[in-house]
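> give the three-dimensional model of this entry:
(chains A and B)
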Protein chains: 2
Amino acid sequence: MSMEGKKTAPIGVFDSGVGGLTVVREIIRHLPNENIVYFGDTARVPYGSKSQNTIIHFAEQIIRFLKTKEVKAIVIACNTASALALDAVRGEFDVPIIGVVVPGARAAVEETKNLHVGIVGTDATVQSGMYTKVIQSMNPRVQVAEKACPLFVPLVEEGFKEHPVTQEIIEYYLESIKQSDIDTMILGCTHYPLLRSKIKAYMGDRIHIVNPAYETAMDLKALLEEHDMANDGTDEPHSIYRFYVSDAAEKFRRFANTVMPFDVPTTNVVNIEEY
Amino acid sequence: MSMEGKKTAPIGVFDSGVGGLTVVREIIRHLPNENIVYFGDTARVPYGSKSQNTIIHFAEQIIRFLKTKEVKAIVIACNTASALALDAVRGEFDVPIIGVVVPGARAAVEETKNLHVGIVGTDATVQSGMYTKVIQSMNPRVQVAEKACPLFVPLVEEGFKEHPVTQEIIEYYLESIKQSDIDTMILGCTHYPLLRSKIKAYMGDRIHIVNPAYETAMDLKALLEEHDMANDGTDEPHSIYRFYVSDAAEKFRRFANTVMPFDVPTTNVVNIEEY
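Numbers count the residues shown, from 1 in each chain, chains lettered A, B, ... in the order given. Okay, here's the model as predicted:
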């Protein structure tokens, strides 16, 4: 592929389901000239309870699928897959691949003044301790408090974002971490940015909230510039966004329409096990 | 296997995860002499979003596994698998197999006076319309109202049974069906019996609540007596309950201990894809 071909080629983004759309939203906001191919593994969601070998196998299949769409770079927009599969697949494919954990961890390490960082995420993410490991590899003096908030994902997915019970559950989960001495907190699950304003209001001005979706978009921007692969937008009147899932396309589309700044027109179902 | 061997052989029970434990609980309560082998497919949960062919394939693997434990009968303690796989697997294996949908539907058809029945279940169950089909095949004059309550499962699994938000969400989901003219309502998801007392209190005395887990235990009892396979308990000092899962054994065990009337001592992980 010529360098010009590379510049207009799409970014591949994937997640176990719909959560990665918050990463797509940040990429669209900050890299508006880039075309995007999104894959949501809705037939095999959630990834959190599955073994590392299985997650690597899933990621390999999805990357092979995205490569058929001639992507120039891939973003793993899923905390579990970023933590468990990124190192394995990076060495296997001739396309740059980034995840969401490292950008989020680095932003927190740079932000914290008192070296106390909080992480909120799913049970699987918190049990893996992956954010703590990555943060402490960047700065061993940072202390990390992790808190699982397993109801946030179903509340967001079922449309309860504005319902009063969501506020109650935010307070229930976050009370102890608010009363700790953290000055920085990572939203360690791709669904959580959809609750960002409520979480931020509850945590107060003292605590800086890190959104790994935004940090990942910034890392992607730096990567594209570094490899001279950024799309300057001169070839196309507007960017093209395509959405693929492994099952239940209509439910995905309904949710996507509540997250994305435009209507998602069609979603294609892919038999991902064939890749 | 001799007839005596059959009598002391265990009952196989399986589900996509932990929900089927409510069926195990009813079997233990009403058939205390039976030994049980339970399999929870925690690596591939949830089944609701998967295709019929996939669910049949999963059920076949699990039945082959349960047959290695010499089970004398099998209970599919999962609404999705009962609806999508029961007919297919029944013809394939030389062991009696029952599901949870038919016993629940039949109890509702027998109970309703005004021929208006309500169903609550997961999104997948409600979208499949399977309870409506089975009920109307039993009595075409029965009208059925189905209501999806997708947050009930995560609320129960995350231990929010007694939290005030659960009461609020019960009222949010059930208000419309309470105000309809049903006189009978089926708890069409194996997790929902764990909220039974709260649901019953909200729905009031006018509406009879059908618990398919109980009805299934009664059908199993009738099946064992009909085939002269019931365990009279004379051979063993107490019944033996064994629990197998396909992933995340510790989380399963923790949840099982909140559902079962005894501590679940050990849970074994099985590589179900090998069967």
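
> residues in contact with residue A:261?
A:25, A:28 (Cβ atoms under 8 Å, 6 or more residues apart in numbering or on different chains). No exception for glycine: its C-beta is placed from N, CA and C like everyone else's.

> quick one: the nearest residue to residue A:267 once chain neighbours are set aside from residue A:265, how far?
The shortest distance from residue A:267 to any non-neighbouring residue, by Cβ to Cβ, 6 or more residues apart in numbering or on different chains, is to residue A:249 (4.1 Å). As judged by Cβ to Cβ, to the nearest Å, residue A:249 and residue A:265 stand 12 Å apart.

> neighbour count winner among these two?
Shown here are residue A:249 and residue A:265; by other Cβ atoms under 10 Å in any protein chain shown, residue A:249 has more neighbours (18 against 10).

> would you mind naming what in the stretch 151-275 of chain A lies close to chain B?
The stretch 151-275 of chain A comes close to chain B at residues A:151, A:153-155, A:157-158, A:160, A:163-165, A:168-169, A:172, A:247-248, A:251, as judged by Cβ under 8 Å from any Cβ of the partner chain.

> filter those residues down to the buried ones.
A:151, A:153-155, A:157-158, A:160, A:163, A:165, A:169, A:172, A:247-248, A:251 (16 or more other Cβ atoms under 10 Å in any protein chain shown).

> tell me how many other residues crowd the nearest residue to residue A:113 once chain neighbours are set aside.
Leaving aside its chain neighbours, residue A:113 sits nearest to residue A:183 (5.7 Å; criterion: Cβ to Cβ, 6+ apart). Residues near residue A:183, counting by other Cβ under 10 Å, number 16.

> for residue A:141, same thing?
7.

> hmm, it is touching residue A:115, no?
Yes: with contact defined as Cβ atoms under 8 Å, residue A:141 reaches residue A:115; the gap is 5.4 Å.

> residue A:25 - how many residues pack around it?
18.

> in contact with residue A:253, which residues?
A:243, A:264, A:266-267 are the contacts of residue A:253 under Cβ under 8 Å, 6+ apart.

> how near is it to residue A:244?
12 Å.

> please enumerate the shared neighbours of the two.
Common neighbours of residue A:253 and residue A:244 (Cβ under 8 Å, 6+ apart) are residue A:267.

> how about the strands of the stretch 51-200 of chain A, start to end?
A:73-76, A:97-98, A:116-121, A:143-148, A:184-187 (DSSP state E, counting those that start in this stretch).

> mean pLDDT and mean neighbour count for these - can I get that in a markdown table?
Listed next are those as a markdown table, based on pLDDT from 0 to 100; neighbours: other Cβ atoms under 10 Å in any protein chain shown:
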| stretch | mean pLDDT | mean neighbour count |
| --- | --- | --- |
| strand A:73-76 | 98 | 26 |
| strand A:97-98 | 97 | 22 |
| strand A:116-121 | 97 | 26 |
| strand A:143-148 | 95 | 18 |
| strand A:184-187 | 98 | 26 |
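
> near residue A:23, how many other residues are there?
Residue A:23 has 29 nearby residues by other Cβ under 10 Å.

> pull out the buried residues from the host helix or strand of it.
Here residue A:23, judged by DSSP states H and E, is contained in helix A:21-30. Burial within helix A:21-30, assessed by neighbour count using 16+ other Cβ under 10 Å, is assigned to A:21-28.

> from the contact counts, what lies against that helix?
strand A:11-15, strand A:36-40, helix A:212-226, helix A:249-259 (3 or more Cβ pairs under 8 Å, 6 or more residues apart in numbering or on different chains; DSSP states H and E).

> mind giving me CSV with these and columns for mean pLDDT?
What follows is the helices and strands packed on helix A:21-30, written out as CSV (pLDDT from 0 to 100):
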stretch, mean pLDDT
strand A:11-15, 98
strand A:36-40, 97
helix A:212-226, 97
helix A:249-259, 86
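
> so for residue A:46, which of these sits nearest?
strand A:11-15 (10.6 Å; Cβ to Cβ).

> residues making contact with the closest one?
Contacts of strand A:11-15 (Cβ under 8 Å, 6+ apart): A:20-21, A:23-24, A:27, A:31, A:34-41, A:59, A:62-63, A:66-67, A:69, A:71-78, A:81, A:95, A:190, A:220.

> one more: stretch A:132-139?
So stretch A:132-139 is contacted by A:101-102, A:105-106, A:108-109, A:115, A:117, A:119, A:142, A:144, A:146 (Cβ under 8 Å, 6+ apart).

> next: stretch A:148-160.
When contacts are defined by Cβ under 8 Å, 6+ apart, stretch A:148-160 is touched by residues A:18-19, A:120-123, A:125-127, A:161, A:163, A:165-166, A:169, A:173-174, A:189, A:191-192, A:194-195, A:255, A:258, B:150-151, B:154-155, B:157-158, B:160.

> and those residues, which of them are in helices?
A:123, A:125-127, A:165-166, A:169, A:173-174, A:255, A:258, B:154-155, B:157 (DSSP state H).

> wait, residue A:128 touches residue A:82, no?
No: between residue A:128 and residue A:82 there is no contact under Cβ under 8 Å: 10.7 Å.

> more crowded one of those two?
Taking other Cβ under 10 Å, residue A:128 and residue A:82 do not tie; residue A:82 has more neighbours (29 against 20).

> excluding chain neighbours, what is closest to that one?
Closest to residue A:82 by Cβ to Cβ, 6+ apart is residue A:99, at 3.0 Å.

> quick one, what contacts the residue lying closest to residue A:143 once chain neighbours are set aside?
Closest residue in space to residue A:143, ignoring its immediate chain neighbours: residue A:116 at 5.2 Å, by Cβ to Cβ, 6+ apart. Contacts for residue A:116 (Cβ under 8 Å, 6+ apart) come out as A:142-143, A:145, A:180-184.

> for residue A:208, give the beta-bridge partners.
residue A:184 (DSSP bridges).

> count of neighbours near it?
Residue A:208 - counted by other Cβ under 10 Å - has 18 other residues nearby.

> for it, give me its contacts.
Residues near residue A:208 by Cβ under 8 Å, 6+ apart: A:111-112, A:183-185.

> my read: residue A:105 touches residue A:216, true?
No: counting by Cβ under 8 Å, residue A:105 does not reach residue A:216; the two are 11.2 Å apart.

> how many other residues sit next to residue A:237?
5.

> for it, report the pLDDT, please.
Residue A:237 is assigned 74 on the pLDDT scale.

> the one 4 residues further on now?
The predicted local distance difference test score for residue A:241 is 94.
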